[in-house]
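**Student:** got a sequence here, can you model it:
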Amino acid sequence: MLSQARLARLRNQLDASARQADAYVRAYMAAFRSEYPEAGVAEVRELAKSAIADALSVFGDQAAEVAGQLFDELAAEAGEDATAAIFDTIDPSEVDRKVRWLARRLADGDYPGFEGSVRDLTRYYVRRQAFENMARNCEARRVRYARVPSGTETCAFCFMLCSRGFVYKSERTAGVGHQYHDHCDCVIVPGFGGGDQDHQVEGYEPSGMYERWKACARTADVDADEALGNQELRRRVLDEVETRDWRWLYSGEEPEVSYGGWSARDKRKLAEQEKWEHAFLAKNGFPIFPIPTDRAAPANIDMWMSGELWELKSVTGDVRRVGQRIDEAVSKWDRLHEAGLSIGSVPKVIVDNTRGRSSDDDVAAEMRKKMIKYAEKGFDEAYLIRSDNTILHIRSEAQARE
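**Tutor:** Purely as a prediction, here's the structure:
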């Protein structure tokens, strides 16, 4: 099994190569700037392309060799006779297009901004050269590979790719998998370890990650597999992924419900259903921070969830009661705004229908009606905790089109 310590060493080595490339480009461009302070846009642009090319010829190849060492180690451990090769993976025409686009800053007189962007681009290409080399070697040896995250900075897009496990066969067949971005913390790992993909890399269990991808897809009312091949559906699921705690996404660890600032009296008065709702949302990966009661305020909002204020409404009656509870939530926002308190202009509501007497479909329909009624107030999204203990993210038609 590939250890996290070995992956950390690889990341550190690649980071070192990227930093060295950055320093080289910075010095290269500073020397040119010193000698030719009046150089025009075209000259500086071509200089930047030369600096990147020189940096990649040294530090990009260095990064590719580092990735190749991991490939060789894993092949040897699996008893495979395979040695990594070094491929030229960065297309000069792509570099040319990106530098030309960045050169717009030069035309605006922003040389420091242009130089900083060129250095960022160089670091990006160094890491990309390492990982594309790993992918090319996997393709040459017919070895499937996975994208393995560190988990600490994994974006929603990378989470999706990492959740698929050891399924990638080549850059051409990977589809959306063959995409990289700056500051990506993923590592391409060959799948020499056999069929059990959850035990090839320490702490990396793609089957669990994919279950959490599917949970987010269900909440977004999207088929998880269909979303992989449909950009619009994929965006809806990615938006949902971004609302969840990264630890939950990566490992399934539930975020702890934080009752910081609560008095013992307020905790005792908290209804058992509210405690269950808080725990249920946390179990589904939402960071939850219930807000203690402020008796001097004209109204109190229930909690912070995923960095935004939300009202939590439990219903025990029929669908008419759902509408009344949403009216109450919007009224709270209005009273707080009238009192001059800045709480955000958009009412956000979670409706718990686990004890309600109407179907989830009828409750969802009523919530959508209220979105139309309060559209001018910005009420365009809500969550429904359905009677079967699943969650539905309801968006207005306008927001769904965005």
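
**Student:** could you use CA atoms for every contact and neighbour count after this?
**Tutor:** Noted.

**Student:** go ahead and confirm residue 105 touches residue 111.
**Tutor:** Yes: with contact defined as Cα atoms under 8 Å, residue 105 and residue 111 form a contacting pair (6.8 Å).

**Student:** for residue 85, what are its contacts?
**Tutor:** 68, 133, 137 (Cα atoms under 8 Å, 6 or more residues apart in numbering).

**Student:** using the three-state scheme, assign it.
**Tutor:** When classified by DSSP: H, G, I helix; E, B strand; the rest coil, residue 85 comes out as coil.

**Student:** and for residue 52, the neighbour number?
**Tutor:** A count of nearby residues for residue 52, using other Cα atoms under 10 Å, gives 26.

**Student:** ok now do it, which residues does it touch?
**Tutor:** Contacts of residue 52 by Cα under 8 Å, 6+ apart are 25, 118, 122.

**Student:** next, the buried residues of the longest strand along the chain.
**Tutor:** Longest strand of the chain, by residue count under DSSP state E: strand 308-314. Buried residues in strand 308-314, counted by 16 or more other Cα atoms under 10 Å: 309-314.

**Student:** how far away is residue 343 from residue 14?
**Tutor:** 43 Å (Cα to Cα, to the nearest Å).

**Student:** looking at the two, which is more packed in?
**Tutor:** Ranked by neighbour count (other Cα under 10 Å), residue 343 and residue 14 place residue 14 first, with 25 against 13.

**Student:** element containing the more buried one?
**Tutor:** For residue 14, the host element (DSSP states H and E) is helix 4-35.

**Student:** for that helix, buried residues please.
**Tutor:** In helix 4-35, counting by 16+ other Cα under 10 Å, buried: 7, 10-11, 13-15, 17-22, 24-26, 28-29.

**Student:** for residue 224, see how far away residue 46 is.
**Tutor:** The gap separating residue 46 from residue 224 is 45 Å, by Cα to Cα.

**Student:** and the two? Which one has more around it.
**Tutor:** Neighbours were counted for residue 46 and for residue 224 using other Cα under 10 Å; residue 224 has more, 20 against 14.

**Student:** got a list of what the more buried one touches?
**Tutor:** Counting by Cα under 8 Å, 6+ apart, residue 224 touches 213-214, 217-218.

**Student:** out of these, grab the one that's most surrounded.
**Tutor:** residue 217 (26 neighbours).

**Student:** which ones are touching it?
**Tutor:** Neighbouring residues of residue 217 by Cα under 8 Å, 6+ apart: 223-224, 236-237, 240.

**Student:** how about the strands in the protein?
**Tutor:** Using DSSP E, strands in the chain cover 145-148, 187-190, 288-290, 303-305, 308-314, 349-352, 381-385, 391-395.
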